[in-house]
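Visitor: Have a look at this prediction, sequence included:
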Amino acid sequence: TAAAALARLAQGDIALLVLDYVLPGGLTGLAFYADLRAAGHALPVIMVTGQSNEATVIEALRLGVNDFITKSREYLDYLPEAVARVLTQVRTARRLAESEQRFRALVQHVADGILVVDTAGRVAYASPAVARILGAVPTHLAGTGATLLHPDELAPMQRQFAALRAAPGATARTTLRLRHRDGGWRHVEATLTNLLAEPGVGGIVCTLHDVTARSALEAQLAHQAFHDALTGLPNRALFTDRLAHALARAARHGETLAVLFCDLDRFKVVNDSLGHAAGDRVLIAVAERLRRCVRADDTVARLGGDEFVILLEGLADSGEAVRVADRIAAALADAVPVPASTPPDVFISASVGIAVATPDHDTATDLLRDADVALYRAKQQGAPRYALFDPLMHAAAAERLALETDLRRAIGPGACAEFLLHYQPIVDLAGGQVAAVEALVRWRHPARGLVAPAAFIPLAEETGLILPLGRWGLETACRRVQAWSGGPGATPPALHVNLSPRQFAQPDLVAAVARVLAATGLPPARLTLEITETVLMAEAAVTTEKLRALTALGVRLAIDDFGTGYSSLAYLQRLPVDTLKIDRAFFQAGGRNRAIVRAVTELAHGLGLAVTAEGLETAEQVAGARAAGCDHGQGYHFARPLPPEAVAALWAGGRQGPLPAAGDAARPLTTTRGADPVGQPPRPG
């Protein structure tokens, strides 16, 4: 029966069915074949029949019969050949189907998207991955109706498609931005292959690899490489690159550009007092204010720390750069709010160095260097202010560098062979005797000759070289003065030595002084250390503790250059000082200065302090100091700083004699102040 036949065929071990047209029970082969297909069987079928009418053949082939053979000796001989041919066709079709199935499975699940695009740019096929990448299946890739490509890439892609169409089998690779369904852009790496002539394809196959995340990371890394993480401003690398291009444009078009180098004044105080988080908020606020001071196409960058630079292009003249510096000063005049800090507002200012580009500026580094040199000059002149670069500044900077190099060489490890000490007498104004000597350092440069202290002492202080130089000066002076005592048991001269701010800040200062006294044998009471008001007013608690430790050694203390710093009288009663040295400026003019000297002297005496008048150069100044009640005097009226041999004569045999009155004839040709004593701004000489 038909049912039994279908059940047998369901066992699946039959490769091909040869079916007669006329079957038992009045069933036709075509009807059975229809039932076979309805049951889901896909066996290949060869129908053998005595029916030879054309309608039967057409119906059989329409239903899907693989071949049709008439029952005759002539045609039945072809049955084995037909069976072999149909089985071959079936196997070939099965292999193709399996291959197509594998291909579809691969395309369906591969992460890369696959598009097949026709010559008009219409999408003929899009794999599911394309929808995952773009949020939807696109309809166009290129051409006038394109909605998928980024506008900047439409024309290049049209040219690439045209080139591919002309080269069958050719492949091209590119990077594209394709529109996502949400309106954003996805970055893809595309491989385009011309398979227009390939059967079953007939288009340009585009394989799309989504690199959006990688592109975003690369963009982020590039931004981090060229921008400051805190403020978002360009960093040194990006600023230098922009400046180099700007210099090239300016040279071509004859334009003027300038660089402003900005440094925040005393910003370290903000970090030290409020913490770095508050300091960061200040820097962010400053960056925003600087942006508002310039045009949109100017560049504001942060080089690091509290240093900012500004590039101004297309200027009419240098006056525009100066006006920007004025705007910066005005922008920073308002307090910067710093939430969660005490106080909640911080006032900040900036010093600015301005360098206008000239034909001599070959590189961005040259212009930046000159702006930095101008900034250094602005700082020297007193912040906040600006300074405009001129070539003399560069020469001065080069000279300073050369001098610093020589200074580092001269202050070598354990040796200061090029340095010597001179000693200026401090005279008792009542009797005229030498009461003490002050040690003053000199540098005998092998090529420059005698270098003025004003030229190297500030540099030594700035570079930290004042520390080894100061140690050498203290020990040398103590050893020399002790040698002048005239023998065991004799009293050596009283010695004054200046301490620089850096020396005083050293944690081991007290121990270092004690070691020098022990090594040289100088009695502590014969040593007076001179300290400026500025040093005394910094970190009052630490300063007071250190001063008391020094007095515990037996060392005496003097306040040097009184009247040039804070001139605060309140601290005199709580600090363990012995002598007040009134600055020379108060003796160079009369009137109110005399009244001030008299009042300060009376107050000092009331507190048990001795008073020394500094910088006395004329008999009139000496008389004024004596009339005001000063105890001691020091200056060219009595003597210039003397070499050790000349001072030794005053103490020969232990004798402490008076100096001959030098009068006005002893005045130097110049009285310019510089940095004379060890580590301190000096008196003339």
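Guide: Here it is on my side, so go on. Numbering: from 1, shown residues only.

Visitor: Where does the prediction get shaky in the stretch 1-150 of the chain?
Guide: Where the stretch 1-150 of the chain drops to pLDDT under 70, the residues are 1, 51-52, 73-75, 96-111, 137-147.

Visitor: Mind doing that once more with 50?
Guide: 142-145 (pLDDT under 50).

Visitor: Show me where the stretch 1-150 of the chain has its helices.
Guide: Counting by DSSP state H, counting those that start in this stretch, the stretch 1-150 of the chain has these helices, from start to end: 2-9, 29-38, 54-63, 73-76, 79-109, 128-134.

Visitor: and those helices as TSV, adding distance to residue 292 and mean neighbour count?
Guide: Heads up, the C-betas are built off the backbone N, CA and C, glycines and all. Shown next, in TSV, are the helices of the stretch 1-150 of the chain (distance: least, C-beta to C-beta, whole Å; neighbours: other C-beta atoms under 10 Å):
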stretch	distance to residue 292	mean neighbour count
helix 2-9	88	12
helix 29-38	82	17
helix 54-63	83	13
helix 73-76	99	10
helix 79-109	55	12
helix 128-134	41	18
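
Visitor: Can you say which of those is nearest to residue 456?
Guide: Closest approach to residue 456 among these (C-beta to C-beta): helix 128-134, 69.9 Å.

Visitor: Can you add distance to residue 485 and give the helices of the stretch 1-150 of the chain back as TSV?
Guide: Shown next, in TSV, are these (distance: least, C-beta to C-beta, whole Å):
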stretch	distance to residue 485
helix 2-9	134
helix 29-38	132
helix 54-63	137
helix 73-76	147
helix 79-109	101
helix 128-134	94
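
Visitor: Which one of the ones you listed lies nearest to residue 512?
Guide: helix 128-134 (72.6 Å).

Visitor: buried ones in the helix or strand following that closest one?
Guide: The helix or strand immediately downstream of helix 128-134 is helix 151-165, counting by DSSP states H and E. Across helix 151-165, burial judged by 16 or more other C-beta atoms under 10 Å covers 153, 157, 158, 160, 161, 164.

Visitor: next structured bit after helix 151-165?
Guide: Beyond helix 151-165 toward the C-terminal end (DSSP H and E), the next one is strand 171-179.

Visitor: other SSEs contacting whatever helix or strand comes next after that next one?
Guide: Using DSSP H and E, the helix or strand that follows strand 171-179 towards the C-terminus is strand 185-195. If contacts are counted by 3 or more C-beta pairs under 8 Å, 6 or more residues apart in numbering; DSSP states H and E, strand 185-195 sits against helix 128-134, helix 151-165, strand 171-179, strand 203-210, helix 212-226.

Visitor: Now do the strands in the stretch 401-550 of the chain.
Guide: Secondary structure of the stretch 401-550 of the chain by DSSP state E, counting those that start in this stretch: the strands cover 419-428, 434-445, 449-451, 494-498, 527-532.

Visitor: would a markdown table of the buried residues of helix 151-165 with distance to residue 481 be doable?
Guide: As requested, the buried residues of helix 151-165 are arranged in a markdown table below (distance: C-beta to C-beta, whole Å):
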| residue | distance to residue 481 |
| --- | --- |
| 153 | 85 |
| 157 | 90 |
| 158 | 94 |
| 160 | 91 |
| 161 | 95 |
| 164 | 96 |
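
Visitor: Quickly name whichever of the residues you listed is closest to residue 271.
Guide: The closest of these, once distances to residue 271 are taken by C-beta to C-beta, is residue 153, at 48.2 Å.

Visitor: which of the helices and strands packed on strand 185-195 has the lowest average pLDDT?
Guide: Averaged per stretch, pLDDT over the helices and strands packed on strand 185-195 is lowest on helix 128-134, reaching a mean of 83.

Visitor: Just the CA trace of it, in PDB.
Guide: Presented in PDB, the C-alpha positions along helix 128-134 are these (Å, rounded to 0.1, in the frame of the first residue of the first chain):
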ATOM      1  CA  PRO A 128      23.100  40.600  10.700                       C
ATOM      2  CA  ALA A 129      26.300  42.000  12.100                       C
ATOM      3  CA  VAL A 130      25.800  45.100  10.000                       C
ATOM      4  CA  ALA A 131      22.600  45.800  11.900                       C
ATOM      5  CA  ARG A 132      24.500  45.200  15.200                       C
ATOM      6  CA  ILE A 133      27.100  47.700  14.100                       C
ATOM      7  CA  LEU A 134      24.800  50.400  12.700                       C
END
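
Visitor: where does it sit relative to the chain's centre, distance-wise?
Guide: Chain-centre distance of helix 128-134: 42 Å, with C-alpha atoms, centre = their mean, to the nearest Å.

Visitor: Tell me which other helices or strands it touches.
Guide: Short answer (3+ C-beta pairs under 8 Å, 6+ apart): helix 128-134 packs on strand 113-117, strand 171-179, strand 185-195, strand 203-210.

Visitor: and these as a markdown table, adding mean neighbour count and distance to residue 448?
Guide: Output for these, formatted as a markdown table (neighbours: other C-beta atoms under 10 Å; distance: least, C-beta to C-beta, whole Å):
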| stretch | mean neighbour count | distance to residue 448 |
| --- | --- | --- |
| strand 113-117 | 22 | 76 |
| strand 171-179 | 16 | 63 |
| strand 185-195 | 19 | 64 |
| strand 203-210 | 21 | 69 |
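
Visitor: Can you lay out the helices and strands packed on strand 185-195 as JSON lines showing distance to residue 39?
Guide: Converted to JSON lines, these look like this (distance: least, C-beta to C-beta, whole Å):
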{"stretch": "helix 128-134", "distance to residue 39": "33"}
{"stretch": "helix 151-165", "distance to residue 39": "49"}
{"stretch": "strand 171-179", "distance to residue 39": "48"}
{"stretch": "strand 203-210", "distance to residue 39": "39"}
{"stretch": "helix 212-226", "distance to residue 39": "51"}
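
Visitor: Out of those, which gets nearest to residue 446?
Guide: Once the helices and strands packed on strand 185-195 are compared by C-beta to C-beta, helix 212-226 is nearest, at 47.6 Å.

Visitor: what's in contact with that closest one?
Guide: 186, 187, 188, 234, 235, 237, 238, 241 (C-beta atoms under 8 Å, 6 or more residues apart in numbering).

Visitor: and what of stretch 172-179?
Guide: By C-beta under 8 Å, 6+ apart, stretch 172-179 touches 133-134, 138, 147-150, 152-153, 156-157, 160, 163-164, 185-192, 208, 211.

Visitor: so where is the stretch 451-600 of the chain shaky, pLDDT-wise?
Guide: Short version for the stretch 451-600 of the chain, where the test is pLDDT under 50: none.

Visitor: swap the cut-off to 70 and go again
Guide: In the stretch 451-600 of the chain (pLDDT under 70), the answer is 486-490, 538-540, 565-570, 589-591.

Visitor: before we move on, back to that, can you name the two of the contacts of helix 212-226 that sit furthest apart?
Guide: 188 and 235 (31.0 Å).

Visitor: That'll do, ta.
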